[in-house]
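>>> coordinates for the following, if possible.
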Amino acid sequence: MTTLSFAILLVVAITGFVLNRQAAYAIGTTGNRLHSIPWFHGLYSALTILVPAIVLVLVWLVAKDPIIDMIVMGGLPDEARTGLSDGETQLLLAEIKSIAGGRIFGEPEDWKLAAAERFASLHDISSIALVVVTALLAIVLLIITRKQVGREFRARQRAEGIIDRLLIFCSVVAIFTTVGIIAALLFETIKFFRMVPITEFLFGMNWEPQIPIREDQIAATGAFGWIPVIVGTLVITTVALLVAAPVGLASAMYLNEFAPRQLRAVAKPILEILAGIPTVVYGFFAILVVAPALRSAGQALGLDVSPNTALAAGGVMGIMLIPFISSFADDAMAAVPRSLRDGALALGATRAEMMVQVVFPAAIPGIVGGVLLAVSRAIGETMIVVMAAGLIASLTINPLDSVTTVTVQIVTLLIGDTSFDNPKTLAAFALGMMLFLVTLVINIFALRIVRRYREAYD
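Got it, this is the predicted structure:
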């Protein structure tokens with residue numbers, strides 16, 4: 001029924017757009033000068049219909065389930081509801097919903113069957129009511145906007161006002177989402193530091209967060225020094241950038257200045273295909289091709305190479321990051337004014353000198369943006385590291401050893417038994433907060449570089 005509601009809403013909005021535009025055209029053909037062109041009259045009608053109706057549908061969908069659950073639970077016999085804890089109440093409600101969906105196990109009591117029938121009936125009534133109310137609201141708004149069409153009606157200002165409010169709303173949602181993420185991380189991180197000293201976390205050299213959550217579990221006492229984890233993250237990120245940055249920048253410079261037009265038309269789309277390959281495919285490539293090749297090469301050279309290495313994970317991750325750096329760098333170089341290029345060539349510089357000494361420095365802001373995006377992607381990558389680098393936190397900078405990263409540890413800590421009142425689970429939020437701070441420092445540093453070069457070439 002929700003799909004039907006949106007379909008009706010879309011049809012009515014399109015109808016309003018067409019009717020109002022045709023009405024405005026009709027007024028214009030009589031010789032009267034319209035304040036706004038007919039297209040804005042149609043846009044105003046469509047937006048006026050869509051926005052309130054969509055808000056109504058979303059509020060309805062959010063409030064429907066809690067209200068129905070409250071009505072169903074309120075209609076149960078007193079003896080069935082007395083003395084139930086929150087968990088038991090949720091289990092009872094889940095059983096009633098399961099019966100209403102036709103999944104009946106055993107022989108439920110008659111009152112459960114009656115509650116399930118009431119639940120299904122309320123859901124059907126709610127779905128039908130949603131369609132009817134949405135259709136009525138859309139039709140009423142269609143009639144109102146149709147009557148507003150006139151020679152002096154400021155349709156453009158009305159439509160732009162609605163769009164401005166939508167943009168402001170989206171901006172506010174983005175800001176509050178960011179604030180909410182930071183607040184959630186900060187709140188749980190504070191709880192973690194109440195259990196584990198902050199000095200142990202920041203300066204500890206061992207990471208072994210496996211502690212018992214239940215009384216019947218056997219585990220270690222736990223060590224929460226994050227240095228091995230962040231060192232592993234930096235090692236893999238460094239290897240990835242050492243692969244991606246030179247190749248990406250060199251390919252961007254070649255495609256931007258030296259490649260024939262026919263080659264560029266073919267090579268650039270092929271290069272950007274790498275960005276669309278799922279990371280799990282890169283992980284398979286790393287563990288099945290790259291890691292065995294590195295072990296074989298290491299044995300031939302007499303080097304001790306682990307089955308899972310930072311070099312394999314970082315190298316494959318670097319291949320994944322090449323299109324990000326290349327695309328950003330190419331776009332930044334293409335945006336450099338032609339006058340700088342022509343001036344360098346007129347002074348006797350070769351094309352290579354012009355590219356390296358003039359175009360590349362002028363494009364630094366865009367290039368830094370691409371490298372920064374690659375760094376963020378490398379720091380946040382999980383699948384390749386899990387498959388190719390391992391899960392053990394080792395304090396080493398040797399790329400031939402097995403290491404792990406912050407994101408892998410966060411995933412590891414939040415699967416399985418999770419209880420948000422013990423250091424093992426809360427350590428994931430502490431790692432997330434530290435990763436956030438590290439990324440923030442990188443962003444600030446990059447912005448300073450961008451601002452310096454932008455001032456030099458403005």
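
>>> alpha carbons of stretch 312-328, in PDB - could you do that?
Presented in PDB, the C-alpha positions along stretch 312-328 are these (Å, rounded to 0.1, in the frame of the first residue of the first chain):
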ATOM      1  CA  ALA A 312      49.700  -7.700   0.000                       C
ATOM      2  CA  ALA A 313      46.800  -5.800   1.500                       C
ATOM      3  CA  GLY A 314      48.300  -2.400   1.000                       C
ATOM      4  CA  GLY A 315      49.400  -3.100  -2.600                       C
ATOM      5  CA  VAL A 316      46.000  -4.300  -3.700                       C
ATOM      6  CA  MET A 317      44.400  -1.400  -1.800                       C
ATOM      7  CA  GLY A 318      46.700   0.900  -3.700                       C
ATOM      8  CA  ILE A 319      45.400  -0.500  -7.000                       C
ATOM      9  CA  MET A 320      41.900   0.200  -5.800                       C
ATOM     10  CA  LEU A 321      42.800   3.800  -5.000                       C
ATOM     11  CA  ILE A 322      44.400   4.600  -8.400                       C
ATOM     12  CA  PRO A 323      41.200   5.800 -10.100                       C
ATOM     13  CA  PHE A 324      40.400   8.100  -7.200                       C
ATOM     14  CA  ILE A 325      43.700   9.900  -7.300                       C
ATOM     15  CA  SER A 326      43.900   9.800 -11.100                       C
ATOM     16  CA  SER A 327      40.400  11.200 -11.700                       C
ATOM     17  CA  PHE A 328      40.700  14.000  -9.200                       C
END
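
>>> where's it relative to the chain centroid, distance-wise?
Relative to the mean C-alpha coordinate of its chain, stretch 312-328 is positioned 19 Å out (CA atoms, centre = their mean, to the nearest Å).

>>> not counting stretch 263-274 itself, show me its contacts.
251, 255, 259, 319-320, 322-323, 326-327, 330 (CB atoms under 8 Å, 6 or more residues apart in numbering). All C-beta spots, glycine's among them, are computed from the backbone N, C-alpha and C.

>>> swap in 7 Å and give it another go.
251, 255, 259, 319-320, 322-323, 326-327 (CB atoms under 7 Å, 6 or more residues apart in numbering).

>>> mind putting the residues you listed into TSV with secondary structure, distance to Ile125 and neighbour count?
Shown next, in TSV, are those (DSSP: H, G, I helix; E, B strand; the rest coil; distance: CB to CB, whole Å; neighbours: other CB atoms under 10 Å):
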residue	secondary structure	distance to Ile125	neighbour count
Ser251	helix	61	21
Leu255	helix	61	21
Ala259	coil	65	16
Ile319	helix	56	20
Met320	helix	51	24
Ile322	helix	56	25
Pro323	helix	52	23
Ser326	helix	57	29
Ser327	helix	52	20
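
>>> farthest-separated two in the residues you listed?
Across those, the longest distance by CB to CB is 22.5 Å; it joins Ala259 and Met320.

>>> let me see the ranges of the strands in the stretch 151-300 of the chain.
207-208, 223-224 (DSSP state E, counting those that start in this stretch).

>>> so which of the ones you listed gets nearest Ser402?
strand 207-208 (13.4 Å).

>>> now, among the contacts of stretch 263-274, which is nearest to Ile71?
Met320 (51.3 Å).

>>> now what about stretch 376-393, what contacts it?
Contacts of stretch 376-393 (CB under 7 Å, 6+ apart): 207, 228-229, 232-233, 236-237, 240-241, 279-280, 282-283, 286-287, 291, 308-310, 312-313, 316-317, 321, 324, 402-405, 407-408, 411-412, 435, 439.

>>> buried subset of the residues you listed?
207, 228-229, 232-233, 236-237, 240-241, 279, 282-283, 286-287, 291, 308-310, 312-313, 316-317, 321, 324, 402-405, 407-408, 411-412, 435 (16 or more other CB atoms under 10 Å).

>>> pLDDT at Ala352, what is it?
Ala352 carries a pLDDT score of 85 in this model.

>>> ok, Ala244 next?
pLDDT, Ala244: 90.

>>> same question for Asp458.
55.

>>> now do the same contact list for Val229.
So Val229 contacts 207, 393, 404-406, 409, 431 (CB under 7 Å, 6+ apart).

>>> could the residues you listed go into JSON lines alongside secondary structure?
As requested, these are arranged in JSON lines below (DSSP: H, G, I helix; E, B strand; the rest coil):
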{"residue": "Trp207", "secondary structure": "strand"}
{"residue": "Ala393", "secondary structure": "coil"}
{"residue": "Thr404", "secondary structure": "coil"}
{"residue": "Thr405", "secondary structure": "coil"}
{"residue": "Val406", "secondary structure": "helix"}
{"residue": "Gln409", "secondary structure": "helix"}
{"residue": "Leu431", "secondary structure": "helix"}
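
>>> which of those sits closest to Leu58?
Once CB to CB is applied, the member of the contacts of Val229 that ends up nearest Leu58 is Leu431, at 34.3 Å.

>>> list the contacts of the closest one.
Leu431 is in contact with 226, 229, 406, 409-410, counting by CB under 7 Å, 6+ apart.

>>> with distance to Thr29 and pLDDT added, can I get those in CSV?
Output for the contacts of Leu431, formatted as CSV (distance: CB to CB, whole Å; pLDDT from 0 to 100):
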residue, distance to Thr29, pLDDT
Trp226, 73, 85
Val229, 72, 88
Val406, 66, 87
Gln409, 70, 85
Ile410, 65, 85
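
>>> ChimeraX command for the buried members of those?
Restricted to buried positions by 16+ other CB under 10 Å, the ChimeraX selection for these reads:
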select :226,229,406,409,410
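
>>> want to throw the contacts of Leu431 into a markdown table with distance to Leu43?
Formatted as a markdown table, those follow (distance: CB to CB, whole Å):
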| residue | distance to Leu43 |
| --- | --- |
| Trp226 | 53 |
| Val229 | 52 |
| Val406 | 47 |
| Gln409 | 50 |
| Ile410 | 45 |
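
>>> quick one: which of the contacts of Leu431 is nearest Ile71?
Ile410 (40.0 Å).

>>> hang on, the earlier thing: figure out which of the strands of the stretch 151-300 of the chain is closest to Val356.
strand 207-208 (43.1 Å).

>>> Provide the strand pairings for the closest one, with the direction of each partner.
strand 223-224 (antiparallel) (DSSP bridges).

>>> name the residues that touch stretch 443-456?
361, 364-365, 368, 372.

>>> in the stretch 301-450 of the chain, which spans are strands?
So, for the stretch 301-450 of the chain - with DSSP E, counting those that start in this stretch - there are no strands.

>>> in it, where is pLDDT below threshold?
416-420 (pLDDT under 70).

>>> recalculate using a threshold of 90.
301-315, 317-450 (pLDDT under 90).

>>> now name the helix or strand holding the closest residue to Arg146 other than its chain neighbours.
Of all residues not flanking Arg146 in the chain, Leu19 sits nearest, at 5.8 Å (CB to CB, 6 or more residues apart in numbering). Here Leu19 is covered by helix 2-29, with elements defined by DSSP states H and E.

>>> next SSE downstream of that helix?
Next along the chain after helix 2-29, taking DSSP H and E as the criterion, comes helix 38-74.
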